[in-house]
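S.K.: Have a look; sequence and predicted model below, questions after that.
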Amino acid sequence: MDLEVQIRPHSSRSRPPAHRPLSLDQRLAQGDRFRKAKERLEVSLQEIQQAHSSPSSAFPSHTGQDDCERCARRKGDIARAYYAYYLDSDPESWVSYATPEYRRELERRFNDPGSSLDDLHATFRMGLREYLKLNLSSGTVFSEDELSSLFIDERSTTEILNTCLEQAQQKTSNSDTATFIAELQGAKGPEDRAQVYAKYYCSQSWADSSSVKNFKAKYARMFEQLVPHDEVVAAMRREAEESQSSRLAGLSRQLSELEMAQSAHLKAKARKDQKMRDREPSPGVVQCSLVGCANEVDLATDETIECAVCEWLERKGSEKGRAFYCCMGHAEEDFEEHDRNDHQCCMGGGCFYFPQAGPPGETGNGGICQDCADEEFTSYFCSQDCYHHNLELHREDFHMGKGIHNDSDNLEMFRPADDMEIMS
């Protein structure tokens, strides 16, 4: 149902129209005040009964006649008690939102010597029914036909409210929502309701990510601080929508960047594959990885120039392949292009150093996620800084979808083979 937060004046001189939608907290608070007013009425009636039935009472003796002064005073006290109950002066009670006609008619009946207590009761029932009808019609739970059927007969307000509650529970297809409605009815005040709200909106799940857990904990605290229900729910919706929009925009950028990188990689791979097919190299011979160089590199020699990072990644399970060069000049010439394309951080556009390939002026400071490696995935990060900055997002986007456990908080850092000589 649509929720609307409203601020209402406390002065009884300025009363909003009854048909304006009330917030959930206002509706429930009116129920609390109604119950308390009923308790005050019962106490007043008991005191009146005791005062007039006591042998030592200061009131005149009962004569048994129709004009008995004692009986007349008793009836007057009872009428005043009901009048105070039916015309509750609390500015936040339902009476403050009832129609002006109700208050005028109740005052007229009370001040009319020819009216009886039954007339007061009838006026109250009529006014309360009209208030309920206007209040329920301002929401979105019941259709006009359903409301008409509720008020078509002379049902009591208790029957009407019980029917509304049953229909609200039947209309929801979610058992948790039905339980939430039932538990709200059993709550005795704002503190009890705050616990019901927190349970319904903020219960933690084992599958919640850390960001979702923080989100729920934040709003559970707001409920416990008795911030109005509608304000909290509105804030939750805004934050969720903003987060979703930001997440979708980020994913769209990453996808675009990934598609561009994949396209460039496939084109370069296609060119290399075509050259390999054209040359038909002999076993143990590969082409220099510098694009445009036709020289071959004999892998059988003792001294082979190759990228140490690619060789390490291949040992860790990467399928990108290794990069060999015919001379140091070509290795240095190809360094930036090769580092950007073949050592790309797995976070793509979300990399801590994006659009750079890694920490400025450094290479070989990357590593792979140990949790991913344990499940035979190669997730390469350009640096420890990038890994720690993006760890939670990496776990949400990659680990959760692959069923990878979150056991390690550190990278397995790049380490060249023992028989390699690093040339700077």
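M.R.: Okay, I see it.

S.K.: can you give me the strands in the protein?
M.R.: Ranges of strands within the chain are 285-287, 296-298, 305-306, 324-325, 367-369, 380-381, 411-413, based on DSSP state E.

S.K.: Could you pull out the buried residues of the second one?
M.R.: Residues of strand 296-298 classed as buried under the neighbour-count rule (16 or more other Cβ atoms under 10 Å) are 296, 297. Where you see a C-beta, it was placed from the backbone N, CA and C, and this is true even at glycine.

S.K.: Can you list the strands that it pairs with?
M.R.: Sheet partners assigned to strand 296-298 using DSSP bridges are listed as strand 285-287 (antiparallel).

S.K.: before we move on, the earlier item: nearest to residue 155, of the strands of the chain?
M.R.: Nearest to residue 155 among the strands of the chain is strand 367-369; the distance by Cβ to Cβ comes to 65.4 Å.

S.K.: Quick check: which helices or strands does the closest one pack against?
M.R.: Under the contact definition 3 or more Cβ pairs under 8 Å, 6 or more residues apart in numbering; DSSP states H and E, strand 367-369 sits against strand 380-381, helix 384-394, strand 411-413.

S.K.: can you tell which of the ones you listed is closest to residue 240?
M.R.: Of those, nearest to residue 240 by Cβ to Cβ is helix 384-394, at 17.3 Å.

S.K.: Show me the one of the strands of the chain that comes nearest residue 349.
M.R.: Using Cβ to Cβ, the strands of the chain put strand 380-381 closest to residue 349, at 14.2 Å.

S.K.: what's next to the closest one, contact-wise?
M.R.: Defining contact as Cβ atoms under 8 Å, 6 or more residues apart in numbering, one finds that strand 380-381 is touched by 313, 318, 343-347, 366-369, 387, 390, 411.

S.K.: Turn the residues you listed into a markdown table, columns for pLDDT.
M.R.: Below are the contacts of strand 380-381 laid out as a markdown table (pLDDT from 0 to 100):
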| residue | pLDDT |
| --- | --- |
| 313 | 89 |
| 318 | 84 |
| 343 | 85 |
| 344 | 87 |
| 345 | 90 |
| 346 | 91 |
| 347 | 91 |
| 366 | 90 |
| 367 | 92 |
| 368 | 93 |
| 369 | 93 |
| 387 | 93 |
| 390 | 92 |
| 411 | 91 |
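
S.K.: Now tabulate the residues you listed in CSV and tack on distance to residue 113.
M.R.: Listed next are the contacts of strand 380-381 as CSV, based on distance: Cβ to Cβ, whole Å:
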residue, distance to residue 113
313, 100
318, 99
343, 98
344, 94
345, 90
346, 89
347, 85
366, 95
367, 94
368, 94
369, 88
387, 87
390, 82
411, 92
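
S.K.: out of those residues, who's nearest residue 45?
M.R.: Proximity of the contacts of strand 380-381 to residue 45 (Cβ to Cβ) peaks at residue 390, which lies at 69.3 Å.

S.K.: wait, what's in contact with the closest one?
M.R.: Going by Cβ under 8 Å, 6+ apart, residue 390 touches 347, 350, 351, 352, 381.

S.K.: 10 Å instead?
M.R.: Applying Cβ atoms under 10 Å, 6 or more residues apart in numbering to residue 390 gives the contacts 345, 346, 347, 350, 351, 352, 381, 397.

S.K.: Might one say that the first one is in contact with residue 368?
M.R.: No. The criterion here is Cβ atoms under 10 Å, and residue 345 misses it with residue 368 at 11.2 Å.

S.K.: The contacts of residue 390: which two are farthest apart?
M.R.: Using Cβ to Cβ, these span at most 15.4 Å, a distance reached by 352 and 397.

S.K.: List the residue ranges of the stretch 1-150 of the chain that fall below the pLDDT cut-off.
M.R.: 1-20, 54-67, 137-142 (pLDDT under 70).

S.K.: where along it do the helices fall?
M.R.: Remark: helices assigned in the stretch 1-150 of the chain by DSSP state H, counting those that start in this stretch are 24-53, 69-86, 100-111, 117-137, 144-151.

S.K.: Tell me which residues of the first one come out buried.
M.R.: It stands for helix 24-53. Residues of helix 24-53 classed as buried by neighbour count (16+ other Cβ under 10 Å): 24-26, 28-30, 32-34, 37, 41, 44, 48, 52.

S.K.: which one among those residues gets closest to residue 247?
M.R.: Scanning the buried residues of helix 24-53 for proximity to residue 247, where the rule is Cβ to Cβ, the winner is residue 24, at 29.1 Å.

S.K.: What distance do you get for the closest one to residue 188?
M.R.: To residue 188, residue 24 is 16 Å away according to Cβ to Cβ, to the nearest Å.

S.K.: Name the nearest residue to residue 331, ignoring sequence neighbours.
M.R.: Once flanking residues are discounted, residue 331 sits nearest to residue 325: 4.1 Å by Cβ to Cβ, 6 or more residues apart in numbering.

S.K.: Dig out what that neighbour forms beta bridges with.
M.R.: residue 305.

S.K.: Isn't it up against residue 303?
M.R.: No. In this structure, residue 325 is not within contact of residue 303 by Cβ under 10 Å, at 11.7 Å.

S.K.: overlap in contacts of these two?
M.R.: Joint contacts of residue 325 and residue 303 (Cβ under 10 Å, 6+ apart) do not exist.

S.K.: Tell me which of these two has more neighbours.
M.R.: A direct count of neighbours by other Cβ atoms under 10 Å for residue 325 and residue 303 places residue 325 higher, at 24 against 5.
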